[in-house]
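Colleague: Quick check, what structure comes out for this input:
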Amino acid sequence: EGGIRGEEKTWPAAASAPALSLPCSAGRQSARAELARDNVCAGGGRNQRGHDGGLSASRRQVASSSSTNLFAGDALNYRDARNGGEDATSIHHHMTQRRVLRAPCSRAQAQTAALALLAALLVVGTGAGPPRVEVTSRVADLSGFRMEYTVARAPAPSGPPLVFVHGSFHGSWCFAEHWLPYFAARGRDAFALSLRGTAASPQAPARSIGVDEHVEDVCAFLRAEVGEPVVLVGHSFGGAYVQKVLERGDAPVAAAVLLCAVPPSGNGRMIWRFLRRSPRDALRITRGFALKSAARDLSDASALFFAGALPDEAVRRYMARFAADSACGLDVRDFSKKLPNRGGAEPPAWVRSCPPILVVGAEQDAVVDVQAVEETAVFYGAKRVLLRGLGHDVMLVPGWEGAADVIGEWLADLPGSSAADQGQQKGSKRLSR
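Modeller: This next block holds a predicted model:
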């Protein structure tokens, strides 16, 4: 299926690939060529075929990329059928470069074959699918504080922009890898912030950051860089900041998504629940965040953020980012004094004036449990969705497309959503929930 992987475009499925005929020199039988697209592992795969009782092997090669999002290369394989021989030649297509190897044809015939291959690639590449979008990093000057953010502009914007707010140990990169291009290709301008104290937006001198500083930075960004009502999406502690923005009440927020978010009562009750269920899990959470072992220990990082769903090399790559983005942490004591839910019998008055809210949790989340997701939904009177089989970082683990679609479908169902919004989500895949 067509789509966006980072800044690379995936090709359509093999069923749409045409067959080609390559002219060869006189005295040789015509060689039949097949253009095939397969999902292959990095380094390529091998196809074998029998011919006249023999076996002909064609090797398919795919050049690897620095991105972890690999897509299949293309190979044009044909056999020389002269005298029933098994001579095999391959024309390899690389991710970043196309080149034609020497074939047993005249120069003019080889040029004709190359043009035919190019035409076929153009035909295949025009299959239906989201357009290519560019993801760029920029800097916003917020009254003397320079905050980096990442943006992907929709080719044809429809509906309020999305603004993503990350949690602890993260930065804008956690949304830029998949979700920004994904939503932009589906008609939404998409922004992701790197909050004060991260590697991209350093705080000098390094210190703990108060929740009010994060909230002010988010509101200042919305005024300075967006200038229109937005859908505010907060992940983990970023969800707590979004709640505080809503409590403040003066930001242009059309809707909000609380994604594996710290609940209105904070994380104290969650820790006690984890402690009763599994002291080992409670210790891992405390060690991972308070002692920052998630930035050093592969097992802790994998369990806390990814539910063991990523290969070790990918986890190590993210751990380097965790280390860089955890130098300055949130002042948790300050936050605990300013919780959205301070223990009243009824939700405060500002909750009743909140915009539409979607609360999303993950079944395999080792940081924010299902009870916290339910607490948040009840507090705001919001719809609750639980993503089956996913870990805490739902925007990075396998299945991130389904998690993004849940948000897109909810936005399309809101009153006043455009027909374009609804059309973009038609037929999208839903996660069981």
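Colleague: Am I right that Asp217 is in contact with Leu142?
Modeller: Yes: with contacts counted by CB atoms under 8 Å, Asp217 reaches Leu142, the gap being 6.0 Å. Bear in mind the C-beta positions are built from the backbone N, C-alpha and C, glycine included.
Colleague: which one of those two has more residues nearby?
Modeller: More neighbours sit around Asp217 than around the other of Asp217 and Leu142, counting by other CB atoms under 10 Å; the figures are 22 against 19.
Colleague: just checking, that one is part of a strand?
Modeller: No: under DSSP: H, G, I helix; E, B strand; the rest coil, Asp217 falls outside any strand and is assigned helix.
Colleague: ok, now how distant is the residue nearest to it when sequence neighbours are not counted from Gln371?
Modeller: Beyond its immediate neighbours in the sequence, the residue positioned closest to Asp217 (CB to CB, 6 or more residues apart in numbering) is Arg196, lying 5.5 Å away. Distance of Arg196 to Gln371, computed by CB to CB, to the nearest Å: 31 Å.
Colleague: Could you check which of the two is surrounded by more residues?
Modeller: Per other CB under 10 Å, whichever of Arg196 and Gln371 has more neighbours is Arg196, with 20 against 13.
Colleague: Ala176 and Val370, how far apart?
Modeller: Ala176 sits at a distance of 28 Å from Val370 (criterion: CB to CB).
Colleague: in the sheet, who's paired with Phe164?
Modeller: For Phe164, the beta-bridge partners are Ala192, Val233 (DSSP bridges).
Colleague: now the helices for the stretch 251-400 of the chain?
Modeller: In the stretch 251-400 of the chain, the helices defined using DSSP state H, counting those that start in this stretch lie at 268-277, 279-290, 298-301, 312-324, 332-336, 349-352, 370-380, 400-413.
Colleague: hang on, Ser201 packs against Ile209?
Modeller: No: under the criterion of CB under 8 Å, Ser201 lies out of contact with Ile209, with a separation of 10.4 Å.
Colleague: and for the two, which residues touch both?
Modeller: Residues touching both Ser201 and Ile209 by CB atoms under 8 Å, 6 or more residues apart in numbering: Leu195.
Colleague: With neighbour numbers in mind, choose between these two.
Modeller: More neighbours surround Ser201 than the other of Ser201 and Ile209, with 23 against 20 (other CB under 10 Å).
Colleague: I'd guess that one is in a strand, am I close?
Modeller: No: the assignment for Ser201 (three-state DSSP) gives coil, which keeps it out of a strand.
Colleague: Let me know the pLDDT of it.
Modeller: The pLDDT attached to Ser201 in the predicted structure is 96.
Colleague: Need the helices of the stretch 251-400 of the chain in TSV (columns: mean pLDDT and distance to His235).
Modeller: Output for those, formatted as TSV (pLDDT from 0 to 100; distance: least, CB to CB, whole Å):
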stretch	mean pLDDT	distance to His235
helix 268-277	92	16
helix 279-290	95	15
helix 298-301	98	16
helix 312-324	98	14
helix 332-336	94	16
helix 349-352	95	21
helix 370-380	97	13
helix 400-413	97	11
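Colleague: count of residues packed around Thr150?
Modeller: For Thr150, the count of nearby residues is 22 (other CB under 10 Å).
Colleague: what residues are up against it?
Modeller: Residues near Thr150 by CB under 8 Å, 6+ apart: Val135, Thr136, Ser137, Arg138, Ser172, Trp173, Phe175, Ala176, Leu180, Phe191, Ala192, Ser194.
Colleague: For the first one, which non-adjacent residue is closest in space?
Modeller: Nearest in space to Val135, with sequence neighbours left out and distances taken as CB to CB, 6+ apart, is Ala152 at 4.7 Å.
Colleague: go on, the third one?
Modeller: Nearest in space to Ser137, with sequence neighbours left out and distances taken as CB to CB, 6+ apart, is Thr150 at 5.1 Å.
Colleague: Looks to me like that neighbour is in a helix.
Modeller: No: assessed by three-state DSSP, Thr150 does not belong to a helix; its assignment is strand.
Colleague: Now do the same for it: its pLDDT.
Modeller: Per-residue confidence for Thr150 comes out at a pLDDT of 98.
Colleague: what's the distance between it and Ala254?
Modeller: As defined by CB to CB, Thr150 lies at a distance of 21 Å from Ala254.
Colleague: swap in Pro229?
Modeller: If you measure Pro229 against Ala254 using CB to CB, the figure is 4 Å.
Colleague: okay but Ala154 is in contact with Arg132, surely?
Modeller: No: contact status for Ala154 versus Arg132: not in contact, 11.8 Å apart, counting by CB under 8 Å.
Colleague: More neighbours: which of the two?
Modeller: In this comparison of Ala154 against Arg132, neighbours counted by other CB under 10 Å, the higher total goes to Ala154 at 21 against 13.
Colleague: residues contacting Leu180?
Modeller: Val135, Thr150, Val151, Ala152, Phe164, Ala190, Phe191, Ala192.
Colleague: Tell me how far the third one lies from Gly234.
Modeller: Read that as Val151. To Gly234, Val151 is 18 Å away according to CB to CB.
Colleague: Looking only at neighbour counts, state which of the two leads.
Modeller: Gly234 (27 against 21).
Colleague: and the more buried one, what does it touch?
Modeller: Gly234 makes contacts with Phe164, Val165, Gly167, Ala240, Tyr241, Val242, Gln243, Ala256, Val257, Leu258, Leu259, Ala261, as judged by CB under 8 Å, 6+ apart.
Colleague: Counting only strands, which of the residues you listed make the cut?
Modeller: Cross-referencing those against strands under DSSP state E gives Phe164, Val165, Ala256, Val257, Leu258, Leu259.
Colleague: Would you convert those residues into CSV that also reports pLDDT, neighbour count and distance to Glu213?
Modeller: Listed next are the ones in strands among the contacts of Gly234 as CSV, based on pLDDT from 0 to 100; neighbours: other CB atoms under 10 Å; distance: CB to CB, whole Å:
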residue, pLDDT, neighbour count, distance to Glu213
Phe164, 98, 27, 19
Val165, 98, 30, 13
Ala256, 98, 26, 20
Val257, 98, 25, 23
Leu258, 98, 31, 20
Leu259, 98, 30, 22
